[in-house]
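Engineer: Make a model of this:
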Amino acid sequence: MFRRLAAVEEAHGDFWRKRIEAKGAQFRPTPSARARILAWLARRFGPAFVLPTLAANETRDSAAYDNQPEARGAGLPADERSHALLMRAAAGKGGLSGPTLALLEGRHRGGGNTLRAAVLGANDGLVSNMSLVMGVAGAAAAQQTLLLTGLAGLVAGACSMAMGEWLSVTSSRELYQSQIATEAEELREVPDEEREELILIYQAKGIDESQARALADKLLSDEGTALDTLAREELGIDPDQLGGSAWTAATWSFLLFSAGAIVPVAPFLFLSGRTALIASLAASGFALALIGAGTSLFTGRSALFSAVRQLLIGLAAAGVTYGAGAIVGTSLG
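Structural biologist: I've put the predicted structure just below:
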């Protein structure tokens, strides 16, 4: 599917190259920074890692050619809508299923929205701990208190995030296991009903009844294959994954939150006084801008717009907590 999409996009490139060169200009296409990053991530982590982002981008851009007469004459708008439909289907919104597309659908913890989760996990740690440190700084606390507060916020927040992720994945695994166990019991107790359900599933996919019955009979002839097939086709569950490892998810959640939360704290380890506070704000602002640029990978916004927006939101949160800290500090004083 990816090769087919790439071939059509290559043809679109040739379409525009011929028209641009016919006007006497040169055609030197270069991938954008976003495209280069997504390509590297796909090579490094597999297509599931970036597929939801690509599907969203295709959907957003599917109407890009609608107002271009040359493109309409060549049928490019129809191609783009077809691409958007295929990408949404591969990302799990169009009913595709099976062992191969389970990876494409990103149902395992290593794919799907992992890119988004990684960026937002680091952002949570950065914004929450920066706000915490600035709130205590607003109360005119001593440097040792600021450092202790920041480190405590890092550990507490990272542990909380890791525990929440562990519970979430464990609960999902237990639910999946329960559903598969129920399906296994139904397969033993009422095999004819399960066979009819599978036949209906295949008929809904466009297979005629006779072929659907033959396929269901063949798959249900082996108990292990039958249970695996029913889990994937009826429940939409990959029995080999079951949501992934809870410990792996918890570890990554802990590390990502910590990576963001350490940024506003680190300057207080080496500097003191107002210099440390300014350095903390500067480091946090730089990290916020980087995270904002990272979010542009899956929002489609420009990296500059996303970076500035993230910076302003983060600094606003820090300003609010600093003001609150100052008011409370004055009151306590």
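Engineer: element containing A141?
Structural biologist: Assigned by DSSP states H and E, A141 belongs to no helix or strand.
Engineer: was I right about it contacting T149?
Structural biologist: Yes: here A141 lies in contact with T149, judged by Cβ atoms under 8 Å, at a distance of 7.4 Å. No exception for glycine: its C-beta is placed from N, CA and C like everyone else's.
Engineer: low pLDDT regions in the chain?
Structural biologist: 88-116, 234-236, 240-244, 300, 330-333 (pLDDT under 70).
Engineer: Now do the strands in it.
Structural biologist: Per DSSP state E, the chain carries no strands over any range.
Engineer: Which helix runs longest in it?
Structural biologist: Determined from DSSP state H, the single longest helix within the chain is helix 143-189.
Engineer: what helices or strands is that one leaning on?
Structural biologist: helix 114-138, helix 191-204, helix 223-233, helix 246-261, helix 267-270, helix 273-299 (3 or more Cβ pairs under 8 Å, 6 or more residues apart in numbering; DSSP states H and E).
Engineer: The third one: which residues count as buried?
Structural biologist: Judged by neighbour count using 16 or more other Cβ atoms under 10 Å, the buried positions of helix 223-233 are 226-233.
Engineer: Can you lay out the residues you listed as a markdown table showing distance to S160?
Structural biologist: Formatted as a markdown table, the buried residues of helix 223-233 follow (distance: Cβ to Cβ, whole Å):
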| residue | distance to S160 |
| --- | --- |
| A226 | 42 |
| L227 | 37 |
| D228 | 37 |
| T229 | 40 |
| L230 | 38 |
| A231 | 33 |
| R232 | 34 |
| E233 | 38 |
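Engineer: Between the residues you listed, which sits nearest L290?
Structural biologist: R232 (39.2 Å; Cβ to Cβ).
Engineer: So the closest one sits against L219, correct?
Structural biologist: No: using Cβ under 8 Å, R232 is not in contact with L219, being 10.5 Å away.
Engineer: How much space separates the nearest residue to A266 once chain neighbours are set aside from P264?
Structural biologist: Nearest residue to A266 in three dimensions, chain neighbours excluded: A283, at 6.7 Å (Cβ to Cβ, 6 or more residues apart in numbering). Here A283 is placed at a distance of 7 Å from P264 (Cβ to Cβ, to the nearest Å).
Engineer: out of the two, which sits in the busier spot?
Structural biologist: P264 (33 against 18; other Cβ atoms under 10 Å).
Engineer: and the more buried one, what does it touch?
Structural biologist: Contact analysis of P264 by Cβ atoms under 8 Å, 6 or more residues apart in numbering lists 126, 129-130, 133-134, 150, 280-281, 283-284.
Engineer: any idea how far S168 is from it?
Structural biologist: Distance from P264 to S168, by Cβ to Cβ: 27 Å.
Engineer: how far away is the nearest residue to P191 once chain neighbours are set aside from P77?
Structural biologist: Excluding its sequence neighbours, the residue lying closest to P191 (Cβ to Cβ, 6+ apart) is L220, at 7.0 Å. Separation of L220 from P77 (Cβ to Cβ) stands at 44 Å.
Engineer: between the two, which one's more packed in?
Structural biologist: Taking L220 and P77 together and counting by other Cβ under 10 Å, L220 has the greater number of neighbours (20 against 17).
Engineer: measure G73 to D192 for me?
Structural biologist: G73 is 56 Å from D192, by Cβ to Cβ.
Engineer: want to throw the contacts of P264 into CSV with distance to F257?
Structural biologist: Output for these, formatted as CSV (distance: Cβ to Cβ, whole Å):
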residue, distance to F257
L126, 9
N129, 9
M130, 13
V133, 15
M134, 18
G150, 13
S280, 18
L281, 20
A283, 17
S284, 15
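Engineer: quick one on the thing from earlier: can you tell me which residues contact the residue nearest to A266?
Structural biologist: Counted by Cβ under 8 Å, 6+ apart, A283 has contacts 263-264, 266-267.
Engineer: which one of the residues you listed has the most neighbours?
Structural biologist: Result: P264 is most packed of these (other Cβ under 10 Å), 33 neighbours.
Engineer: Grab the nearest non-local neighbour of that residue.
Structural biologist: Using Cβ to Cβ, 6+ apart, the nearest residue to P264 is M130, at 4.0 Å.
Engineer: I'd assumed S284 was in contact with the one you found.
Structural biologist: Yes: in this structure, M130 is within contact of S284 by Cβ under 8 Å, at 4.5 Å.
Engineer: what sits in contact with each of these two?
Structural biologist: 263-264, 314, 318.
Engineer: Tell me which two of those residues sit farthest apart.
Structural biologist: V263 and A318 (12.1 Å).
Engineer: I'm done for today, thanks for sticking with me.
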